[in-house]
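> just coords:
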């Protein structure tokens with residue numbers, strides 16, 4: 001099933017694979033205990049690009065692999081992310097996050113070398129880390145979407161205090 005979040009430009013780049021256009025795959029790892037999000041790009045050089053908000057950020061070069069979740073109507077989509085040769089700073093942040101009850105969020109963005117003004121997948125793919133294993137050589141994480149099955153519906157409670165017109 002096609003991904004509706006991708007821009008026409010990146011769909012054309014994937015379809016025709018021009019030699020002068022590079023697709024940059026980036027990740028942003030964020031947690032309330034981090035001083036700032038961790039931005040990484042799968043490349044050999046750092047990348048300065050703009051987020052969807054317009055703010056410029058520097059994505060640090062790292063070798064990582066991401067298996068994108070399947071776009072389908074069946075099951076709960078999950079993806080596996082592996083980041084190799086992590087720095088002490090990233091490892092310290094991950095270990096700090098593991099001591100908290102809050103979840104790490106991962107945002108996947110795709111950029112084209114011809115247009116770094118914003119990600120080509122809008123909105124970017126944001127997932128929650130479900131499990132993570134980290135050591136000085138590699139971080140391996142499984143990420144997915146929030147548990148929608150056990151979510152309260154409707155999310156808003158209709159009480160007599162908030163909605164006095166319900167009580168006669």
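Nice, I can see it. The model shown is predicted, which means the values in this text are computed figures rather than measured ones.
> SS state for residue 76?
Each residue gets one of three states, and residue 76 gets coil by DSSP: H, G, I helix; E, B strand; the rest coil.
> And for residue 93?
Assignment for residue 93 (three-state DSSP): helix.
> since we're on residue 59, how many residues are nearby?
When neighbours are defined as other C-beta atoms under 10 Å, residue 59 has 23 of them. To be clear about C-beta, it is placed using only N, CA and C from the backbone, and glycine gets the same treatment.
> Quick check: it vs residue 111, distance?
9 Å (C-beta to C-beta, to the nearest Å).
> what touches both of those two?
Residues within reach of residue 59 and of residue 111 at once, by C-beta atoms under 8 Å, 6 or more residues apart in numbering, are 24, 26, 47, 49.
> Identify the bridge partners of the second one.
Counting by DSSP bridges, residue 26 forms beta bridges with residue 41, residue 109.
> Give me the number of neighbouring residues for it.
So residue 26, with other C-beta under 10 Å, has 25 neighbours.
> Thought residue 42 was touching it, still the case?
Yes: the criterion here is C-beta atoms under 8 Å, and residue 26 meets it with residue 42 at 7.5 Å.
> Contacts for the longest strand along the chain next, please.
Longest strand of the chain, by residue count under DSSP state E: strand 125-134. Strand 125-134 is touched from outside by 5, 68-69, 78-79, 86, 91, 94-95, 98, 103-109, 139-146, with contacts defined as C-beta under 8 Å, 6+ apart.
> Kind regards, and thank you for your time.
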